[in-house]
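Q: No letters, just coordinates:
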């Protein structure tokens, strides 16, 4: 593919330069090819969906929609391989509500995989969380420009436009993923159940390096995916790049605990602020007004 001059990698499941009849149909009817809860895309708003599945950033194709990870349900297969023995019967349930000890909602688990016996009784389960990448900037404007005439705008030039969309990795990890794992993951982990997290390789590279453990000893698996371009079909295909196994408590501590900066620089900043404050002239005393209340 020629290096794009705009941020849109996939729109309604297809690269912007894919002019096939299938791509045109998905754009026309705003369909989702990745196992959304309904046939149509519902991202951002159901009646006017933001059908951007992934964006370009440097040399990466960055997944920005969590439903994009559901292609061929590979994430469920890979998570089940971590949760259950090879011969297990299992299925997946999406958006399962979780409550804490006070019966207050802790949010929904993206996908719960359940292992069951020949009579349908649950034997085990595990939680699979999906973390797409948040975007800073405005992605709807280039999306609407492209959708106004997909054929003419397939190679549109969006360079230099204000609020150019870029991945916001910090918000995706510390502001979204870490709180989700602390609360929802903490409950599931306290029950002795395993957790898997699916994410893009570009997001995983921004996380601290984990202390890994053997798969048999792990209680959390990081399933790291990339999008590979299939030139023959002119589509991107989800591919497992690697699986990283670790301890829940150790890995969560590494995510939520920032690398400390230099204390000396911080003290210098404090000193500068203190010097400025002490050098300010003393404010004048407010004048006192005597009021004669006898008249």
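A: The structure has been received and is ready for your questions. Bear in mind that the values here come from a model prediction, so they are computed numbers and not experimental data.

Q: Give me the below-cutoff pLDDT ranges for this structure.
A: For the chain, applying pLDDT under 70 flags the ranges 1-3, 258, 280-295.

Q: Show me the residue at the heart of it, geometrically.
A: Geometric centre of the chain, nearest residue: residue 132, 2.6 Å, by Cα atoms, centre = their mean.

Q: Contact partners for the closest residue to that one other than its chain neighbours?
A: Closest residue to residue 132 apart from its sequence neighbours, by Cβ to Cβ, 6 or more residues apart in numbering: residue 66 at 4.5 Å. No exception for glycine: its C-beta is placed from N, CA and C like everyone else's. Contacts for residue 66 (Cβ atoms under 8 Å, 6 or more residues apart in numbering) come out as 110, 130, 131, 132.

Q: OK, contacts around the residue nearest to the centre of the chain?
A: Neighbour list for residue 132: 63, 64, 65, 66, 68, 69, 172, 199, 200 [criterion: Cβ under 8 Å, 6+ apart].

Q: if you set the cut-off to 10 Å instead, what comes out?
A: Residues near residue 132 by Cβ atoms under 10 Å, 6 or more residues apart in numbering: 43, 53-54, 62-69, 167, 172, 176, 198-200, 203.

Q: next one: residue 220
A: By Cβ under 10 Å, 6+ apart, residue 220 lies in contact with 82, 126-127, 129, 181, 185, 188-189, 194-197, 210, 213, 244-252.

Q: can you check residue 214 too?
A: By Cβ under 10 Å, 6+ apart, the contact list for residue 214 reads residue 245.

Q: So it versus residue 246, what's the distance?
A: 10 Å (Cβ to Cβ, to the nearest Å).

Q: before we move on, what about residue 170?
A: Counting by Cβ to Cβ, the gap from residue 170 to residue 246 is 21 Å.

Q: Same check on residue 38?
A: For residue 38 relative to residue 246 (Cβ to Cβ), the value is 35 Å.

Q: Repeat that for residue 24.
A: Applying Cβ to Cβ to residue 24 and residue 246 gives a distance of 44 Å.

Q: So for those two, which residue has more residues nearby?
A: Between residue 24 and residue 246, counted using other Cβ atoms under 10 Å, residue 246 has the larger neighbour count: 19 against 15.

Q: does that one really touch residue 217, like I thought?
A: Yes. At 9.5 Å, residue 246 and residue 217 qualify as touching, with contact defined as Cβ atoms under 10 Å.

Q: shared neighbours of these two, anything?
A: Residues touching both residue 246 and residue 217 (Cβ under 10 Å, 6+ apart): none.

Q: ok, residue 105 - contacts?
A: Counting by Cβ under 10 Å, 6+ apart, the residues that residue 105 touches are 97, 98, 99.

Q: Highest neighbour count among the residues you listed?
A: When neighbours are counted by other Cβ under 10 Å, residue 98 leads the contacts of residue 105 with 15 neighbours.
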